[in-house]
Each structure stands twice: as C-alpha cells, then as structure tokens.
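K.L.:
Need coordinates for the below:
(2 chains)
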Amino acid sequence: MELSDSVLLHLRDVVDRPDLDGTRYTLEEEIGRGGLGVVYAALDTRLDRRVALKVMDAEWAGEARLIARLEHPGIVPVHDSGALPDGRVYYAMKLVAGTRADHYIAGDPPLAERLRVVHRVGEALAYAHSCGVLHRDLKPQNVMVGAFGEVYVMDWGVEGVAGTPAFRAPETQLDQRSDIYALGACLRFALPPGAPPALIAIAGKAMSREPAFRYPAVTEVLREIERFQDGVAVEAYAESPWQRIRRFAKRNEVLLWLLAAYAGVKFILFFARRL
Amino acid sequence: MNNKIVLGLIFGAVLGAIDGATAWFTPDVRSMMVSIMVGSTFKGMLVGLLSGWFARKVNSMQWGIVVGSVLGLAFAYAVAAMPSDNGQHYYLEIMLPGFVVGAIIGFLTQKMGTPSPVKRSS
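P.N.:
This next block holds a predicted model:
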C-alpha cells in the first residue's frame, strides 16, 4: 500500500509530537521549528497559562540551563524544564505574542522604530556577553517583537550551532565579535532602502571580515547607534564638510530658527528706523 | 554647573548683554550704552533665572520656549515702559528682540543642564 505525501507528513508529525503525560503541560500546536528542536504552544495546567514549550534531543539539554542563567527584559524567561519518556528534553518559557522581527521589518516601520528594535537586541546581547554567554545564531528570525513593542531575543545557541549564513561571521572560532558581526547584519537587514550612510557604515564596521576591525564590544555598537540618533557624528563614518554642516543644522534646527528670528527682528527694526 | 538655574543665569547674562550691545546701531541712544547694557544684562539674568527654574520643574521644549518668550516680553515691557533719557519710549525696539531672546533662553534652559532629581516618597 502506498501512502501519499500528506499522509506521511501527518504520520511524521504524530510521531514527532511529544508525549507530555506525567508533565504539567498539555500540547496545543506547533509554532516553530529550528535546528535544535521544535517549539509548541502548550497549556501549563498547574498555573493555567499558555507557555512556549521547546522540545529537543537530550544532547541539547544545556540550552535551557544556559538561558535560565540570563535574566533580562530582552530575553525570554525560562519557567521550567524536564525530560520526556522518549528521552527528549523540554523547557517551558514565556509564550511571546508578537511578530518575528523579519516580518515586523517587512511591515515598513519608521527608521526610529527599526533602530529601537536593533538597539533592544543589542542590549540583550550585551547583557548575555557580560554573563559569558554567546548567542551564536543571531538573526531577525530569532527576534520577536511583542504587541506592546517589547523585543525578545530567542534561540540562544549552544556549542556546535552552525549559525545562519547571511548573519554568520566568517571565522570558525566564534566569540563575542562573531555576535557583533551578526548584530551588524541584523542592523543592515533592518535598514530601509536609502538609509543614512552613517548607519550603513556602522553595520559595515560591525560586519568587517576581520574580527579585529569590528567594534570591540556590543555596547560600542549601541553607542554608535545612539550617537546617530542624537545627531552626533559616528566613528564609523567620515563625513564630508557639507554633511557635517547639514547634521549640525538638523541637530540645532530650533536654535538656528530662533537666532534667525532674532537677526530678522533686528534687521527689520534697523531699516524701519531709517524709513 | 549643570544646574539649569545657573545655566539660565549665564545664558541670560550673555544674551542680554549682546542684545543690549546692539543698541549701538541706534545712534539716538549711543550715549546711554552702559546703562542699556547693564539693564539688558540684568533683564536677561532675570528671564534666565525664571526660565531655568521652570525648566527644572517642567521638561517640555515647547513650554520652555513659550514661558521664556512670555517672560522676555514681560520684562522687556517693564524696561520699555521706563522713559529713556531723551523722554522717548522704545517699545518695539526693546520688546520685539526681548521676546525672541526670552524664547532662546527658554530653549537653552530646556536643552541644557540636568533637571532636578526625582523626589521619592519613602
């Protein structure tokens, strides 16, 4: 008897579905699938709340312990972890209601909002680095933007994760600068067509092929983004004199208008007296 | 030196002095330059003091500019209402620049300096 593809897929899904008997969770639906495991929406029957349940092979059990160490508003908190009868392991985390960052960016938000999301990602990354944890697979698909603007970095990597080509640093020995490369790639991804050259330069410096040419720390990338937002020159971009004047005028627009108003008033009064 | 009131006093003094110095372009009052500059500097300092105090209380650029310009206008009116040595009043010549200088001081006190610390109840 031959089985159609759809039947085979269904059978595979049924086999893959974790057996949660004996746990406090009841399975609802699959919500994501990654290199390390499958994420399901589940109901925590003890606390009567929905959670995200990541189920993966036992060899990746360290991931839960890794994330559980990280307590930051930009990192999805882990509630619980355990093992399934089939040997696989799971961990329960906050179920984030929101949009994946790549989909969010596709919705064409304003530049300031794009930068806010990247900045939040950078804050979470900087915190993780301060705890000695690398992400290893940072990309917009691993960032969620919540309904109230909250930003969560997910899928923190463990040793052996290959990363995603477009966001992966070229070096094989990953360190904090590899995450900085990925953050630069995320910034580049988040920028709209015709983005200011200073921002493109920040992303470019973060994505230098040679790690030594990148920013030494995530906080330096964040500071550069803040400098741009404050209308201050960024280190990664050498401005022409004309660009410098334009930036200065934009940054001090109100003051220049007020000074022009003062000069105008004086000018008019001076000539009005001579009439 | 980051105190908004101190900065307001400094900006007010400097801008008031510059504003007063422009009286040199009015030949009728050149003989009164010193008293004009002293008065204008003092007026600027008063506007700066009050704008700085307001900026410590309210963090709003729009309201800072509005309050600064109203203060500048009010003090300029008080100065213009006093007759000069030649008995003339220079309402327009004093109030119009005073209004704009007040706006600039209001803007600067909002933009620069640190606001007053947030008081927490125990």
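K.L.:
pretty sure residue A:109 is in a strand, no?
P.N.:
No: under the criterion used here (DSSP: H, G, I helix; E, B strand; the rest coil), residue A:109 is coil, not part of a strand.
K.L.:
What separation is there between it and chain B?
P.N.:
25 Å (CB to the nearest CB, to the nearest Å). Backbone N, C-alpha and C define where each C-beta goes, glycine included.
K.L.:
ok, which residues in chain A are in contact with chain B?
P.N.:
Counting by CB under 8 Å from any CB of the partner chain, chain A comes close to chain B at A:254, A:255, A:258, A:259, A:261, A:262, A:265, A:266, A:269, A:270, A:273.
K.L.:
go again using 10 Å as the cut-off
P.N.:
Remark: the part of chain A in contact with chain B comprises A:252, A:254-255, A:257-266, A:268-270, A:272-273, using CB under 10 Å from any CB of the partner chain.
K.L.:
out of those, which are buried?
P.N.:
Neighbour counting by 16 or more other CB atoms under 10 Å in any protein chain shown classes A:254, A:258, A:261, A:262, A:265, A:266, A:269 among the residues of chain A next to chain B as buried.
K.L.:
So for the first one, what's the nearest residue that isn't a sequence neighbour?
P.N.:
If I follow you right, that is residue A:254. In space, and not counting its chain neighbours, residue A:254 is closest to residue B:107: 6.0 Å by CB to CB, 6 or more residues apart in numbering or on different chains.
K.L.:
burial count for the one you found?
P.N.:
Per other CB atoms under 10 Å in any protein chain shown, the neighbour tally for residue B:107 reads 23.
K.L.:
Same question for residue A:37.
P.N.:
By other CB under 10 Å, neighbour count at residue A:37 equals 21.
K.L.:
With residue B:91 instead?
P.N.:
Residues near residue B:91, counting by other CB under 10 Å: 13.
K.L.:
My read is that it contacts residue B:81, right?
P.N.:
Yes: contact criterion CB atoms under 10 Å: residue B:91 and residue B:81 qualify, at 8.0 Å.
K.L.:
Using PDB, list the CA coordinates for stretch B:93-112.
P.N.:
Output in PDB follows, covering the C-alpha atoms of stretch B:93-112 (Å, rounded to 0.1, in the frame of the first residue of the first chain):
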ATOM      1  CA  GLU B  93      12.800  98.200  19.700                       C
ATOM      2  CA  ILE B  94      13.000  96.600  23.200                       C
ATOM      3  CA  MET B  95      10.000  94.300  23.400                       C
ATOM      4  CA  LEU B  96      10.400  92.500  20.000                       C
ATOM      5  CA  PRO B  97      14.000  91.400  20.500                       C
ATOM      6  CA  GLY B  98      13.300  90.800  24.200                       C
ATOM      7  CA  PHE B  99      10.600  88.400  23.200                       C
ATOM      8  CA  VAL B 100      12.900  86.400  20.900                       C
ATOM      9  CA  VAL B 101      15.800  86.500  23.400                       C
ATOM     10  CA  GLY B 102      13.400  85.100  26.000                       C
ATOM     11  CA  ALA B 103      12.500  82.300  23.600                       C
ATOM     12  CA  ILE B 104      16.200  81.500  23.100                       C
ATOM     13  CA  ILE B 105      16.900  81.400  26.800                       C
ATOM     14  CA  GLY B 106      13.800  79.200  27.400                       C
ATOM     15  CA  PHE B 107      15.000  76.900  24.700                       C
ATOM     16  CA  LEU B 108      18.600  76.700  26.100                       C
ATOM     17  CA  THR B 109      17.500  76.100  29.600                       C
ATOM     18  CA  GLN B 110      15.300  73.200  28.400                       C
ATOM     19  CA  LYS B 111      18.000  71.700  26.200                       C
ATOM     20  CA  MET B 112      21.000  72.000  28.600                       C
END
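K.L.:
and it, which residues are buried?
P.N.:
Here stretch B:93-112 shows B:93-110 as buried, counting by 16+ other CB under 10 Å.
K.L.:
Looking at the residues you listed, which are in helices?
P.N.:
B:93-110 (DSSP state H).
K.L.:
Residues of chain B that sit close to chain A?
P.N.:
Near chain A, when you scan chain B using CB under 10 Å from any CB, you find B:15, B:18-19, B:22, B:25-28, B:61-62, B:65, B:68-69, B:90, B:92-94, B:96-101, B:103-108, B:110-111.
K.L.:
one step back: wait, what's in contact with the residue nearest to residue A:254?
P.N.:
Contact partners of residue B:107, counting by CB atoms under 10 Å, 6 or more residues apart in numbering or on different chains, are A:254-255, A:257-258, B:11, B:51, B:55, B:61-62, B:64-65, B:68-69.
K.L.:
Could you do residue A:209 as well?
P.N.:
A:169, A:170, A:171, A:181.
K.L.:
for it, helix, strand, or coil?
P.N.:
Per three-state DSSP, residue A:209 ends up coil.
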